[in-house]
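The sequence isn't on hand, but the structure is:
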Ligand code: SF4
Ligand code: FE
């Protein structure tokens, strides 16, 4: 098991890579147990993406670190509890920068958003029940800050039959749950699916994935476990074109340095001691936790605008390499890509700017704008991918392999035939096309496209939240007034609760309503 006393505080990407060695994780990939994931050619690019977060902390400490309120030392911003709207905004800026630097998912936002959601939810559970979860969480955070560690968040269960609640599933393994209790803690079993960066983390925080009823008591569990705890098995997700990472050469990979990571995590009788339990059976708080987590996480998808910057640059470079960058329709397509990308950024950063304090002091971003941000993300990267492929041309999917291009017999001929503009090196031209392939069809399409669709909830889950906040009565009142329809006395903006979206936009800044009487402001 990871000994946090033994592992020195992690300050650099290289030290982070070293910290992953020798943990004896039970990791499976393509029918084999992987002895040392950090050395596996397919896994290594995903480790590099997390390492980039440490390297950014060194090169841009103002962007990627904060001074820990627990230890007084500088720690990664991914471990920070936001206590101002500026803190939320800086998370987004860091995410965009890391998207630009890696062109992929750098995996640390789930843990960051889980900590922030749990900070306020544990506070409010304690208020309601007199439990001690919040202090436990602060003690755990202090340990994580001392080591400057990577913490993953594990929310999404395998879920089984979606029409049935957790406690009625015929196959119990599809949800993580408490299977036994002792005086020292609980034991959990079940599975978490599509877990971003789990193998690359030091610790994992498991959380319920949905609203729960009192019958789901054993499923309403939040706890921290070291990634190498006994009883955890990781089955690494296959990614499109992933085995190209194990081939000689770098060209066919498109982005040889970086990739995302998802795995299925299976828990078999995994022990969580009492001091690492942050919810245990308080089913009425499960939906609050899920909603607050998704509010943070849906605006975290600003990360994709940094990746979008890379794709826009690749599309512009491909057009220039073909000699068509002066054409008006090419410029217009790049404008279209940019405006779509900035639409996502605008919504996400606005969600952060409109953040409000919770009763715990942690700031929560705006739920409407966070959902709008993520909903754009379910569409915009696909459109950017379409335009990038349009500008790249068909060669993006028909070009020969690096081995053919380097071959003594046909390589030189291929270089001449696949020449674009005469002053552009053919290999450089093809490398840009491979990058576009990587981001729209290959390994990093996992993060840029399908994760954009389903990560932090599929499109319908955002539409439900947007629908809840759209205040149609208020808007109908506005229309009826201007149309000259005389309604009973009352301002149109009185239609709706004090915490409805448009109402609070115009109200003085207040605190996020909590669960205690009189907590709304
Ligand atoms: Fe962070 Fe984006 Fe990856 Fe989610 S998809 S962990 S928000 S980089
Ligand atoms: Fe994600």
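Right, received. Where do you want to start? Remember, it's a predicted structure, so these values are computed and weren't measured experimentally. Ligands and ions are numbered 1, 2, ... in the order given.

and the residue of the stretch 251-400 of the chain nearest ligand 1?
Nearest residue of the stretch 251-400 of the chain to ligand 1 (C-beta to the nearest ligand atom) works out as residue 303 at 3.3 Å. In this view, the C-beta of every residue, glycine as well, is placed from N, C-alpha and C.

Could you tell me how many residues sit around that residue?
Neighbours of residue 303 under the rule other C-beta atoms under 10 Å: 30.

Give me the neighbour count for the closest residue in space to it that isn't next to it in sequence.
Distances taken as C-beta to C-beta, 6 or more residues apart in numbering place residue 95 nearest to residue 303, at 4.2 Å, with adjacent residues excluded. For residue 95, the count of nearby residues is 26 (other C-beta under 10 Å).

re the thing from before, close enough to count as contact, the residue of the stretch 251-400 of the chain closest to ligand 1 and residue 99?
Yes: under the criterion of C-beta atoms under 8 Å, residue 303 makes contact with residue 99 at 4.7 Å.

For these two, list the residues in contact with both.
Common neighbours of residue 303 and residue 99 (criterion: C-beta atoms under 8 Å, 6 or more residues apart in numbering): residue 106.

and the chain, which residues reach ligand 1?
Taking C-beta under 6 Å from any ligand atom as the contact definition, the chain meets ligand 1 at 105-107, 109-110, 196, 300-301, 303, 447, 451, 455.

now do 5 Å
Listed as neighbours of ligand 1 in the chain under the rule C-beta under 5 Å from any ligand atom: 105-106, 109, 196, 300, 303.

Those residues into TSV, with extra columns for pLDDT and secondary structure?
Formatted as TSV, those follow (pLDDT from 0 to 100; DSSP: H, G, I helix; E, B strand; the rest coil):
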residue	pLDDT	secondary structure
105	98	coil
106	98	coil
109	98	helix
196	97	strand
300	98	helix
303	98	helix
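
Among these, which ones lie close to ligand 2?
For ligand 2, the contacts drawn from the residues of the chain next to ligand 1 by C-beta under 5 Å from the ion are residue 196.

Show me which of the residues of the chain next to ligand 1 is closest to residue 21.
Comparing the residues of the chain next to ligand 1 against residue 21 with C-beta to C-beta places residue 106 closest, at 20.2 Å.

ok so, going back, does ligand 2 have contacts with the particular helix or strand that has the residue nearest to residue 303 in it?
For residue 95, the host element (DSSP states H and E) is helix 85-102. No: using C-beta under 5 Å from the ion, helix 85-102 stays clear of ligand 2, coming no nearer than 11.1 Å.

now that helix, how far from the centre of its chain.
Its chain's C-alpha centre and that of helix 85-102 lie 12 Å apart, by C-alpha atoms, centre = their mean, to the nearest Å.

C-terminal to that helix, what's the next element?
Remark: after helix 85-102, the chain's next helix or strand is helix 109-129, criterion DSSP H and E.

on contacts alone, who are the packing partners of the helix or strand that that following helix is followed by?
Sequence-wise, the next helix or strand downstream of helix 109-129 (DSSP H and E) is helix 133-147. Here helix 133-147 touches helix 109-129, strand 277-280, going by 3 or more C-beta pairs under 8 Å, 6 or more residues apart in numbering; DSSP states H and E.

about what we covered before: what's the closest of the residues of the chain next to ligand 1 to ligand 2?
Distance to ligand 2, by C-beta to the ion, is smallest for residue 196 among these, at 4.8 Å.

so who does the closest one touch?
The neighbours of residue 196, taking C-beta under 8 Å, 6+ apart as the test, are 105, 107, 110, 152, 260-262, 451, 455.

ditto for residue 384
308, 311-312, 337, 340-341.

Quick check: the residue of the stretch 251-400 of the chain closest to ligand 1 vs residue 103, distance?
11 Å (C-beta to C-beta, to the nearest Å).

and what of residue 229?
From residue 229 to residue 103 the distance is 32 Å (C-beta to C-beta).

of those two, who's got more company?
Neighbours were counted for residue 229 and for residue 103 using other C-beta under 10 Å; residue 103 has more, 29 against 17.

Touching, the more buried one and residue 307? I think so.
Yes: in this structure, residue 103 is within contact of residue 307 by C-beta under 8 Å, at 5.6 Å.

Find residues that contact each of these two.
Common neighbours of residue 103 and residue 307 (C-beta under 8 Å, 6+ apart) are 439, 444.

longest single helix anywhere in this protein?
When the chain is parsed with DSSP state H, its longest helix is helix 328-353.

buried ones in it?
Under the neighbour-count criterion of 16 or more other C-beta atoms under 10 Å, helix 328-353 has 330, 333-334, 337, 340-341, 343-352 buried.

Just give me how far the next helix or strand after it sits from the chain centre.
Using DSSP H and E, the helix or strand that follows helix 328-353 towards the C-terminus is strand 356-357. The chain centroid and the centroid of strand 356-357 are separated by 22 Å under C-alpha atoms, centre = their mean.

for stretch 201-219, same thing?
The answer for stretch 201-219 is 18 Å, by C-alpha atoms, centre = their mean.

for stretch 94-112, same thing?
Mean-position distance between stretch 94-112 and its chain equals 8 Å (C-alpha atoms, centre = their mean).

do the same with stretch 380-388
Relative to the centre of its chain, stretch 380-388 is centred 20 Å away, using C-alpha atoms, centre = their mean.

wait, does that stretch contact ligand 2?
No: using C-beta under 5 Å from the ion, stretch 380-388 never reaches ligand 2; the gap is at least 12.7 Å.

where does residue 460 fall, helix, sheet strand or coil?
Of the three states, residue 460 takes helix under DSSP: H, G, I helix; E, B strand; the rest coil.

Check residue 208 too.
Here residue 208 is coil, with the state taken from three-state DSSP.

Over to the one 3 residues further on?
Remark: residue 211 carries the secondary structure label coil [criterion: three-state DSSP].
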